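Engineer: Got a predicted structure here, sequence first:
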Amino acid sequence: MEKQRAYVLHSRAYREHSALVDFFTPDYGLIRCVARGVKKRMSQGQSLQPFIEYQLFFHGDGDLKQLDQYESQSLPLALRGNALFSGFYVNEVLLRALHSEADLEAECLFAAYEATLVNLGGEQLECSLRHFELTLLEHMGQGYEWALDFRSGNRVDEDAYYGFYVEQGMARVGPVSVKKDANACFKGSELLSLAQGELHLPATLKMAKRLLRLALRPIVGYKPIQARELLKQFQKIG
């Protein structure tokens, strides 16, 4: 029997009284468990919920584990509005990026996830999300030298503009490219700030959101992020 700290990323009904639950753990990354009799425990106020730290006990050698026992280690986070949908976004991105049994030793990513949860209700929400995305890229082997032009090998020019190329990085682009698709072009001065971790700067933070969305696409897929679409609908209603 294995023991792990864990957070629920996603769950769905399985057969009559059970559920399939995707957990994020520090030692095994993503694990999928069959939680037998979970509906009975839900009726007793012991449901498995996102944004709560659990201690799991499980067993199994295949991709699908058997959940033997779970105990909550924290109170649920009281998230509303943008903070709640941001939490759903982080869970969805993790679930898309990670693969069961393939992402071991996820301690750094797990720590970044917990830090993000802590900051969901704070003023640094956007900054925390960008830090999490950067850590996820590193964990997936897609870290980039934001201050380097991979074609020339030179440091980026703060007055020039650059395009992003998957698995390669940044390369200088001319005025025609900027005019054609400014949203896909990034100013050198802001790339230099990103490379130095200066996400507290409003211009750098805004640029990083555009850039990291492009960088994450090959990892999380090209289908729309459901949490992002739900947030748009929520904002329209609001």
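Structural biologist: Sure thing, it's come through.

Engineer: Return the distance of Leu129 relative to Val173.
Structural biologist: Distance of Leu129 to Val173, given as Cβ to Cβ, to the nearest Å: 27 Å. C-beta: built from backbone N, CA, C; applies to glycine.

Engineer: Which one of the two is surrounded by more residues?
Structural biologist: More crowded of Leu129 and Val173, by other Cβ atoms under 10 Å: Leu129, with 22 against 18.

Engineer: in which helix or strand would I find the more buried one?
Structural biologist: If you go by DSSP states H and E, Leu129 is part of helix 125-139.

Engineer: ok, and for that helix, which residues are buried?
Structural biologist: 125-137, 139 (16 or more other Cβ atoms under 10 Å).

Engineer: Looking at those, which is nearest Phe164?
Structural biologist: When those are compared for distance to Phe164 (Cβ to Cβ), Leu137 comes out closest, at 12.0 Å.

Engineer: pLDDT score assigned to that closest one?
Structural biologist: Listed pLDDT for Leu137 reads 95.

Engineer: Could you do Ser100 as well?
Structural biologist: If you check Ser100, the pLDDT there is 54.

Engineer: which residues sit against the next helix or strand after the helix holding Leu129?
Structural biologist: Toward the C-terminal end, the helix or strand that comes next after helix 125-139 (DSSP H and E) is strand 161-165. Strand 161-165 is contacted from outside by 149-150, 156, 170-173, 177-178, 184-188, 191, 211, 214-215, using Cβ atoms under 8 Å, 6 or more residues apart in numbering.

Engineer: and if you look at stretch 105-114?
Structural biologist: In contact with stretch 105-114 (Cβ under 8 Å, 6+ apart) are residues 5, 7, 24-29, 53, 90, 94, 98, 131-132, 135-136, 138-139.

Engineer: for it, which positions count as buried?
Structural biologist: Within stretch 105-114, the residues that qualify as buried are Ala106, Leu109, Phe110, Ala112, Tyr113, Glu114, counting by 16+ other Cβ under 10 Å.

Engineer: Would you double-check that the fourth one falls in a helix?
Structural biologist: Yes: checked against DSSP: H, G, I helix; E, B strand; the rest coil, Ala112 lies within a helix.

Engineer: list the contacts for the spatially closest residue to Glu71 that is not a sequence neighbour?
Structural biologist: Spatial nearest neighbour of Glu71, chain neighbours left out: Gln55 (4.8 Å); criterion: Cβ to Cβ, 6 or more residues apart in numbering. Contacts for Gln55 (Cβ under 8 Å, 6+ apart) come out as Lys3, Gln4, Arg5, Ala6, Tyr70, Glu71, Gln73.
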